[in-house]
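K.L.:
Predicted structure and sequence below. I'll ask about it afterward.
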Number of protein chains: 2
Amino acid sequence: MIPTIGIIGGGQLARMMHAAGIGLGLRVRLLAEGPEVSAAQVVADVTVGDYTDPATVYDFAAGCDVITFDHEHVPQPILRELLARGIAVRPGPDALAHAQDKIVMRDRLSALGIPCPAYQAVDTPAELVEFAERTGWPVIAKTSRGGYDGRGVWKLDGPSQAGEPFASLAPGVRILAEEYIPFRRELSALVARRPHGEAVAYPICETVQTDGICTDTTTPAPGLPEDEAEEWQRFALRIAEELDVVGILAVELMEDADGRVVVNELAMRPHNTGHWSIDGAMTSQFENHLRAVANLPLGSTAPRANWSVMANVLGGPRGDLASGLIEVLALDPEIRVQLYGKSWVPGRKLGHVTAVGADLDDTRARARVAADLFMGVPERSHHG
Amino acid sequence: MIPTIGIIGGGQLARMMHAAGIGLGLRVRLLAEGPEVSAAQVVADVTVGDYTDPATVYDFAAGCDVITFDHEHVPQPILRELLARGIAVRPGPDALAHAQDKIVMRDRLSALGIPCPAYQAVDTPAELVEFAERTGWPVIAKTSRGGYDGRGVWKLDGPSQAGEPFASLAPGVRILAEEYIPFRRELSALVARRPHGEAVAYPICETVQTDGICTDTTTPAPGLPEDEAEEWQRFALRIAEELDVVGILAVELMEDADGRVVVNELAMRPHNTGHWSIDGAMTSQFENHLRAVANLPLGSTAPRANWSVMANVLGGPRGDLASGLIEVLALDPEIRVQLYGKSWVPGRKLGHVTAVGADLDDTRARARVAADLFMGVPERSHHG
C-alpha cells in the first residue's frame, strides 16, 4: 500500500507538500490550526485542532501510517507517545530536538566538528557580558527555543544591553550567546534523507535576508568555490546522518567577508531556501520530503537550468494579490508563481516567484521585478 | 479577487488541474461522481453528485465564479441554463457542441477548410455502404456522440459488416462514416485560449495508440517538418478562435505514409497528449487550462528539454501500484511520476510517467522502461 501521510501544521509548507504528493498518489491528512489556513484550503482530508493537545494529535495520527510536519513545534512528549503507539514520526523526536533547541543543536554540531560560531548557553546578563568580553562586542543573543523570522534574536552592542534578552523569557527557555559573524551573505545546504540512510544533496543556495526574513535566493550560490560547495553538501549529509533526520534538512549558513562559513541554524522540514526546487530542480524539496517520509526512493536534485532565482512575495503597498497576479503573469510568461492562499498583511509571506534561466543577472532581474510588481514596491536596482 | 473555479467531473484531469491550481492561489470546487474518485481524494471542497441532474449542477455552480470540466459530457441544456444564471462556463456550450458531436465537428471544420477525412452522416446501413463504395473499403464508422478510448468506433471491411454500428444506437445518436486513413502515426496539436482571444500553442506531439488507447507520446513529434508543425499549430489556434474555445483545445491528428495530415477528433479539456507538459514545458496544460478559464495571462509553452516522452501506466500483470512505484523511482531518479489514485483494473489508465532528456532514443527508452516496470509487463524493445 502507498502510505497515508499525516502532516501536522497547515502552513504553506504543508500546502506545497500536498501539491507535490498528488502525483505520487500519496494520501495526505492534515492537522490544521483552522479551517481556512493555507494548506487546509487545498487538502481533502483536514482535521482542525491544536497540535499541542495530546488527545487531538493521537486521534489524528491513528488514521495515518506516518506523521510529518509543517513546522518543528510539536512538543516532545507528544512525539514520543506517537512512537510508543507504533506510529512512524519523521523526522523523529531525537532529530527534531536539534531544530527545537538551539543550545542542543550547537552542542551537537560542535561535538561533530561542524564549523559553528563560538557560543555559550548563558543564564544571566552577567554571564552574557562575560562571554562577550571574551569573544568581542557586538554579540548575538538568541532564545534557545521558539524564535523565527528574526524574532528571539538580539544583536547587542555593549554591556548596557545585556539585560534585554532576559526581559521576558518563557519558562524553560534559555539564552544562547554567540559570536557575532559579520556575514557577507547567507547560504543554505539542503539535503533529503530516507529512514535507512539514502540521502541526496541539493546545490548550495545563496539567500538574501532583510530584517531577518528571506527575500530572495539564488541557486547555485554564485562564486562559491566548487570544493567548498561540496564540503558543505557533505557536512549537511553528515548532520542528517548523525542526527538521524528523515525528510528535508536545511542547514542555514553564514559566510563572512574572508570566506569563513559557519552554521547558523537547522530546519527539519522543507525550507524557504529550497522553494526554487519546485521549478528549478528535477525533484522539488517537497516531493523529496514526502518520498523520504514515505520511505520511497529519492529523486534527482539536478538543476533544470543554470540559475534558479526565487523571490518572496510579501504583503506590500499594493494591498492585494489578485491584481498583482495578472500583471506578473502578463509581464513574464516564463515566471513561476506560488501563492499560499493567505490574506494580505503588511510584510507577511504571501507567496513566491521563481525565474530559471541561463544568465544570472537576467534571471535575478526577472525574479526581483516580478516580486516587486506583485508587492507594488517602487523599482529597485535589479542587478547584482 | 482570484476566482473560485468549479470543475465538473472528478477524474485524473481534474486531479492534475487542482495540483496546478494550488500555486496560482485558485480556489477549486469539485462536482465528483463519488467521494473516492480520483480528484475527490485531493480536493478540499467536494460535492458528490450527478452532473446530468440539473438541480445538482445549479446548486454546485452557485458558489463558483466560473465552471470548467474534466470531460465534455455535461448536457447542453444544463450548460445553457448556467449561462442564463450569469455563471461563466468555459469552454462554453457552443464550443463544447463540437467536442460532444463528431458530425457537428466535421461539418464545422470542413467549412473552415481544415483538412479532414472524407465523411458523411449516415442513418442506415445502406447509406453507409453507398458512402464506402464511393470512398473505398475499409471504412470507419463512429457514433456521433459518447465514444471514447476506442469505444463507439468500427473499422468495417465490407458491406456485410455495415449493420454493426447501428445495432445498439442510443437515442439521438447518429453514425458518422469516414474515409479510412491508413495512418502511420497520430499527432496532437494542443493550444490554450483565453476568453478574449489570447492563445498559445504547444509543440506538436506524436502519440502512439494501441487498441484505441494512448500508450506513449513524444514531444516534439520526431521528424515532423517545421513548416508542417507550424501550420498545424496555426490550424489549432484558428479552430480555437473560430469555435470560441476557452481553456485547452486538443486537435487529434492522423498522418498517413505520404505525410498527409487530417483531423481525427477535438477535445476541449486537458488531454492525454499534453501530460508531458507537466514536466517538459515551462507551463503545464493543466495550469494553462486554469489560467485560461480564470482569464489570467497564459504561460509559456516552451519545452524544458529537447525531448519529453510520456508513457501511460495501465493496469498490468503486476496487479498493484505500490511495489511498482518503489521499483520505478529506484531505477530512475529523474523519472517523473503521476498516479491518479485509481484502483487497479486490467487495462485501466492508472497514471503516467514522463522522461525528459537531450537524446530521443534514451528518453523514450527511459519512459517505456519505467511504464513497463510499473505495469509488470515483460521487456519490449525500447528503441524506435
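P.N.:
Looks like it came in fine.
K.L.:
per-domain residue ranges of chain A.
P.N.:
Split into domains by automatic domain parsing, chain A comes to A:4-89, A:118-179, A:183-375.
K.L.:
what mean pLDDT does the last one have?
P.N.:
Going back to what we said before, that points to domain A:183-375. Per-residue pLDDT over domain A:183-375 has a mean of 96.
K.L.:
Now do the end-to-end distance for that domain.
P.N.:
End-to-end span of domain A:183-375 (C-alpha to C-alpha, to the nearest Å): 27 Å.
K.L.:
need the contact list for the residue of the stretch 1-150 of chain A found nearest chain B.
P.N.:
As assessed by C-beta to the nearest C-beta, chain B sits closest to residue A:25 within the stretch 1-150 of chain A, at 3.1 Å. (Glycine included, C-beta is placed from N, CA and C.) By C-beta atoms under 8 Å, 6 or more residues apart in numbering or on different chains, the contact set of residue A:25 is A:2, B:321, B:325, B:339-341, B:351.
K.L.:
and if you look at residue A:77?
P.N.:
For residue A:77, the contacting residues are residue A:54, by C-beta under 8 Å, 6+ apart.
K.L.:
measure it to residue A:107 for me?
P.N.:
Relative to residue A:107, residue A:77 is positioned 21 Å away (C-beta to C-beta, to the nearest Å).
K.L.:
and which of the contacts of residue A:25 is nearest to residue A:294?
P.N.:
When the contacts of residue A:25 are compared for distance to residue A:294 (C-beta to C-beta), residue A:2 wins out at 7.4 Å.
K.L.:
Quick check: chain neighbours aside, which residue is closest to the closest one?
P.N.:
residue B:322 (4.8 Å; C-beta to C-beta, 6 or more residues apart in numbering or on different chains).
K.L.:
one step back: switch the domains of chain A over to a markdown table, and while doing so, append distance to residue B:119 to every line.
P.N.:
As requested, the domains of chain A are exported to a markdown table (distance: least, C-beta to C-beta, whole Å):
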| stretch | distance to residue B:119 |
| --- | --- |
| domain A:4-89 | 39 |
| domain A:118-179 | 64 |
| domain A:183-375 | 38 |
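K.L.:
Spatially central residue in chain A, please.
P.N.:
Nearest to the geometric centre of chain A sits residue A:271, at 2.8 Å (C-alpha atoms, centre = their mean).
K.L.:
quick one: that one and residue A:207, what's the gap?
P.N.:
Residue A:271 is 10 Å from residue A:207, by C-beta to C-beta.
K.L.:
any idea how far residue A:153 is from residue A:317?
P.N.:
Computed as C-beta to C-beta, the residue A:317 to residue A:153 distance reads 27 Å.
K.L.:
If you count surrounding residues, which of the two has more?
P.N.:
Taking other C-beta atoms under 10 Å in any protein chain shown, residue A:317 and residue A:153 do not tie; residue A:153 has more neighbours (18 against 9).
K.L.:
and the gap between that one and residue B:55?
P.N.:
Going from residue A:153 to residue B:55 by C-beta to C-beta gives 58 Å.
K.L.:
sorry, back to before: what's the closest of the contacts of residue A:25 to residue B:187?
P.N.:
The closest of these to residue B:187 turns out to be residue B:351 (C-beta to C-beta; 23.4 Å).
K.L.:
That closest one bridge partners, please.
P.N.:
Note on residue B:351: beta-bridge partners residue B:313, residue B:339, judged by DSSP bridges.
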